[in-house]
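Asks: Need coordinates for the below:
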Amino acid sequence: MHSNRPKSLQELGGQPMIRYIVNCVKNTGVDKIHIVYGENGYQIQESIPDECINWVLQSAPLGTGHAVQQAIPHIDVESTVCVLYGDIPLIQANTVDRLIELANRHSLSALTVELDNPTGYGRIKRDDEGVLQQIVEEKDTTPEERQIREVNAGPLAVKAKLLARWLKLLDNKNAQSEYYLTDIIKHAVSEGIVVASCQANDLIETVGVNSRMDQARLERALQMRKAEQLMKEGVHVVDPARFDLRGNCTAGKDCRIDANVLLEGDVTLDDGVSIASNCVVRDSKLGPGVEIKPFSSVEGAEIGEGCTVGPFARIRPGTVIGKNSRVGNYVEIKASIIGDDTKISHLAYIGDAHIGNHVNIGAGVITCNFDGKRKHQTYIGDHAFVGSNSALVAPLEVQEYAFIGAGSTISRNVNSGELVVERGEIRRIKNRRAPKNERKSQLSGKSAD
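Replies: Residues are numbered from 1 along each chain as shown. Here you go, the predicted model:
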């Protein structure tokens, strides 16, 4: 992966790959999770601080069999073990349950898949009756074996008592000089134990990540699956190939999501929400009928029923907007409460403010909330009007029905119903002579005055 992070921490759908596997296992009947880690493994531990996980160090990368050898002393000999891989992230809980159920009945089970192009995978060898006999790693295959399309997907389940015995029989006499976990298959067969197998319901469950190209392909497959799930729930995803959900989305009826929209974290869309193209919505709640116009960013906010936001608006964390309010183009709002039916239509910055109902904020208005050390609050009452290009220097209170003239810098409180205009004195200079162009004078051979 050419990365300083372990492969299992590379992200997919906004989460480290290993998090998908841990979440999957938690949704099964598994009692204990053991994670075998190697170089830079502390990064994995920091990313998953779950107390239920037993961390096992593999000091040298000597193969999958060697990795499981490190974990087996921590495992109850009467249990059934399911082995999963950190770079096969999208396996589902029902597939894990099927593997374990087969192992409980037959002692050993493996997950297989048939591929049109099996390059890179260990091949499944069966006898004439179709019973699984061996898994041959690709580097050890013959030309004939390379033609086999059924391959080892990786995950398997096995009785712990048998696993412990077979692990002691592993050797590294192969092309990679590694201890292959898959070699337990031939030991099972030699003892007359039937190796059961099953296939995943969806090919995506078996796809591994070994390169950035693999990561990108699996990302798109994952996003398509998420888009299809939302569409099954009634969301109109205009172009599933250009939609990304990196987290969770709960949506009501008649929601519409246009192309190139990114949803991150936990997003809730109420009935009738419309998100236009090229928008990012993160950890936010959008009320009924909210319209997010193109190229807008909404993060950590709650937007009330009937509001419109954008285009080119930025709503930052801690913002709550009431019903039927309008946030227009190039408006930024941060950590502020905006009332109902309020308009902030153009080119404004509102930070650390509490704005009432039916307020009009003109173009170019800013709340000057930071004095270099601390943030200060601005309060604007109901029905107030703030004229264009005004600066409100916090801490400040503008009471209800107050009117601030355009171009004012307000640093003292404004009482209810007052009209306040605070501008610099105009200076008029008559008969002003325009300065000569010095460069032009030099080129003409004349000196400039």
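Asks: Just the C-alpha atoms of stretch 128-145, please, in PDB.
Replies: Coordinates of the C-alpha atoms in stretch 128-145 are reproduced here as PDB (Å, rounded to 0.1, in the frame of the first residue of the first chain):
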ATOM      1  CA  ASP A 128     -14.100 -36.700  -8.300                       C
ATOM      2  CA  GLU A 129     -17.000 -36.600  -5.900                       C
ATOM      3  CA  GLY A 130     -16.600 -32.800  -5.300                       C
ATOM      4  CA  VAL A 131     -15.200 -33.200  -1.800                       C
ATOM      5  CA  LEU A 132     -12.600 -30.500  -0.900                       C
ATOM      6  CA  GLN A 133      -9.200 -32.000  -0.700                       C
ATOM      7  CA  GLN A 134      -6.600 -29.200  -0.600                       C
ATOM      8  CA  ILE A 135      -6.000 -25.500  -1.000                       C
ATOM      9  CA  VAL A 136      -3.000 -24.700  -3.100                       C
ATOM     10  CA  GLU A 137      -1.400 -21.300  -2.800                       C
ATOM     11  CA  GLU A 138      -0.900 -19.700  -6.300                       C
ATOM     12  CA  LYS A 139       2.900 -19.600  -6.100                       C
ATOM     13  CA  ASP A 140       2.800 -23.300  -5.500                       C
ATOM     14  CA  THR A 141       0.400 -24.200  -8.200                       C
ATOM     15  CA  THR A 142       1.100 -26.200 -11.400                       C
ATOM     16  CA  PRO A 143      -0.100 -24.800 -14.800                       C
ATOM     17  CA  GLU A 144      -3.000 -27.200 -14.700                       C
ATOM     18  CA  GLU A 145      -4.000 -26.100 -11.100                       C
END
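Asks: Just the residues contacting stretch 344-354, thanks.
Replies: Contacts to stretch 344-354, defined as Cβ atoms under 8 Å, 6 or more residues apart in numbering, come from residues 325-338, 361-367, 369-370, 375-380, 394. Where you see a C-beta, it was placed from the backbone N, CA and C, and this is true even at glycine.
Asks: Would you mark the buried spots in the helix of greatest length in the chain?
Replies: Counting residues, the longest helix in the chain under DSSP state H turns out to be helix 212-232. Taking 16 or more other Cβ atoms under 10 Å as the neighbour-count basis, helix 212-232 is seen to contain the buried residues 214-215, 218-219, 221-223, 226-227, 230.
Asks: mind putting those in TSV, pLDDT and distance to Thr308 included?
Replies: Supplementary listing: the buried residues of helix 212-232 in TSV, determined by pLDDT from 0 to 100; distance: Cβ to Cβ, whole Å:
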residue	pLDDT	distance to Thr308
Asp214	93	41
Gln215	96	37
Leu218	95	37
Glu219	97	32
Ala221	94	35
Leu222	95	32
Gln223	97	27
Lys226	96	27
Ala227	98	25
Leu230	98	23
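Asks: Dump those residues to JSON lines, plus distance to Lys32.
Replies: Shown next, in JSON lines, are the buried residues of helix 212-232 (distance: Cβ to Cβ, whole Å):
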{"residue": "Asp214", "distance to Lys32": "30"}
{"residue": "Gln215", "distance to Lys32": "29"}
{"residue": "Leu218", "distance to Lys32": "28"}
{"residue": "Glu219", "distance to Lys32": "31"}
{"residue": "Ala221", "distance to Lys32": "31"}
{"residue": "Leu222", "distance to Lys32": "28"}
{"residue": "Gln223", "distance to Lys32": "32"}
{"residue": "Lys226", "distance to Lys32": "30"}
{"residue": "Ala227", "distance to Lys32": "35"}
{"residue": "Leu230", "distance to Lys32": "35"}
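Asks: All set now, cheers.
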